[in-house]
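**Student:** please find the sequence and the predicted model below.
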Amino acid sequence: MGVRTISSEEIRPDQPSAANAVADHLARMILNTMSPGALLPSEAELAERYEVSRLTIREAVKLLAGRGLVELARGRRAMVREPDGSAFADFLTSVLHNDSKGLFDLVEVRMSLEVQSATLAAKRASRAGIAAIESALQGMRDAESAQDEGAEDRFHNFDVGFHEAIALASGNRVLGYLFEAMAAPLRQGIQISRRGHAGRGHTLADTIAAHERILDAIREGNARKAGDAMRFHLKDTESDIRTALSSFAGNPV
C-alpha cells in the first residue's frame, strides 16, 4: 500500500494543518486504492511514513471519520467505510432550510437526474426492479385510502421510495447512490410541493395517477415515454412549489 512521504513544505508537525494535510493524502489513498472493509495501517506505521507524531495521525484519522470515509472502533485500526451520502444530504437539507430558492434548485437537479433514471429504467429494469417500483406505488395507494392520522406521512415516504426505486432500477449505481443521499431532502421538498398541489385543486389521487403513468411507461420498456412522463410530473411539482411559496408566504417552509 504505497503512501508517499509528504515534504516538509506540505506538513510542519508544529502546525495545526499537519493533520489536515495527512487526512487529505489518506483520503486520496482510500478513494483511489482501497475497498470498503479494508483496514488503514497502524498509527505507528502511518506516523513513520508521514514523519509526524502519532497524535497528528490520530487527529487525521478522526477527520477522515468526520468525512464518512472510515469507521472507528476502540482497540482496532480504522476501517474504510462503504460510501454513503450523509454529507450531501446534510448540504441539501441546509440549502432547503435556509433559502426557498433551494427548492427550485432541487427540482432542477431532479429534472436532470430523474428523467435520466426513468429513461434508463425503461430500458434496463429487471422484474425485481419493477416490483420494487410497484410496491412503492401500492404503498401510496394504501396510504391515500387509509385517511388515518399518519397516512399523509406514509404517503410521502412511499412517494420518495417510488423515485428511489426507479433510480435503483436504472442500473446506474451513481444514480442509486445520489437518490439514497437525497431521500430526506426529497421528502421535505415533496411535503412542500404537496401544499401547492392541494392549493391548485389537486388531490393525492392525481399524484398517484402521475406516478402510474411513469410506471406504465417503464413496464412497457418505452424509454422516451418514461422520460416524458417523469418530466411532466416534475414540471407539475415545480408549479406546486411556486403555489406553495405564494400561498404560504407568511409561514416557514
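**Tutor:** Received, thanks.
**Student:** now do the helices in the protein.
**Tutor:** Counting by DSSP state H, the segments of the chain that form helices are 17-33, 43-50, 54-66, 86-98, 101-124, 127-146, 151-169, 173-199, 204-220, 223-247.
**Student:** contacts for the last one next, please.
**Tutor:** Just to be clear, that refers to helix 223-247. Contacting residues not belonging to helix 223-247 are listed as 100, 103-104, 107, 110-111, 114-123, 166, 189-190, 192-197, 199-200, 202, 210-211, 213-214, 216-218, 253 [C-beta atoms under 8 Å, 6 or more residues apart in numbering]. In short, each C-beta sits where N, CA and C put it, glycine included.
**Student:** of these, grab the buried ones for ChimeraX.
**Tutor:** Below is the selection syntax for ChimeraX that covers the buried ones among those, with 16 or more other C-beta atoms under 10 Å defining burial:
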select :103,107,110,111,114,115,116,117,118,119,120,121,122,166,189,190,192,193,194,195,196,197,202,210,211,213,214,217,218,253
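**Student:** check contacts around the closest residue to Gly161 other than its chain neighbours.
**Tutor:** Using C-beta to C-beta, 6 or more residues apart in numbering and skipping the chain neighbours, the partner closest in space to Gly161 is Ala136 (4.0 Å). Counting by C-beta under 8 Å, 6+ apart, Ala136 makes contact with 158-159, 161-162, 164-165.
**Student:** and those residues as a markdown table, adding pLDDT and neighbour count?
**Tutor:** As requested, the contacts of Ala136 are exported to a markdown table (pLDDT from 0 to 100; neighbours: other C-beta atoms under 10 Å):
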| residue | pLDDT | neighbour count |
| --- | --- | --- |
| Phe158 | 95 | 21 |
| Asp159 | 95 | 25 |
| Gly161 | 94 | 20 |
| Phe162 | 96 | 22 |
| Glu164 | 93 | 22 |
| Ala165 | 95 | 26 |
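**Student:** circling back to that earlier point, which of the helices of the chain has the lowest mean pLDDT?
**Tutor:** Mean pLDDT values for the helices of the chain show the minimum at helix 86-98, a mean of 69.
**Student:** so Ala205 touches Glu144, yeah?
**Tutor:** Yes - with contact taken as C-beta atoms under 8 Å, Ala205 and Glu144 are classed as touching, separated by 6.4 Å.
**Student:** neighbour-wise, which of the two wins?
**Tutor:** Between Ala205 and Glu144, Glu144 has the larger neighbour count (other C-beta atoms under 10 Å), namely 18 against 11.
**Student:** and the closest residue to that one other than its chain neighbours, how many residues sit next to it?
**Tutor:** Once its chain neighbours are removed from consideration, Glu144 has its nearest residue in Leu204; the separation is 4.4 Å (C-beta to C-beta, 6+ apart). Summarising burial for Leu204: neighbours were counted as other C-beta under 10 Å, giving 20.
**Student:** contacts only, for Leu204.
**Tutor:** Taking C-beta under 8 Å, 6+ apart as the definition, contacts of Leu204 comprise 140, 143-144, 155.
**Student:** now the most centrally placed residue in the chain: how far from Phe88?
**Tutor:** The central residue of the chain, meaning the one whose C-alpha is nearest the mean C-alpha position (C-alpha atoms, centre = their mean), is Ala181 at 1.6 Å. When distances are taken as C-beta to C-beta, to the nearest Å, Ala181 and Phe88 turn out to be 4 Å apart.
**Student:** and the contacts of Ala136 as TSV, adding distance to Leu63?
**Tutor:** Compiled in TSV, those are given as follows (distance: C-beta to C-beta, whole Å):
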residue	distance to Leu63
Phe158	38
Asp159	37
Gly161	34
Phe162	37
Glu164	30
Ala165	35
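**Student:** Val61: which of those residues is nearest?
**Tutor:** Closest to Val61 out of those is Glu164 (32.1 Å), distances taken as C-beta to C-beta.
**Student:** give me the distance between the closest residue to that closest one other than its chain neighbours and Gln191.
**Tutor:** Take Glu164 and drop its neighbours on the chain: the residue closest to it by C-beta to C-beta, 6+ apart is Phe179, 4.5 Å away. Going from Phe179 to Gln191 by C-beta to C-beta gives 17 Å.
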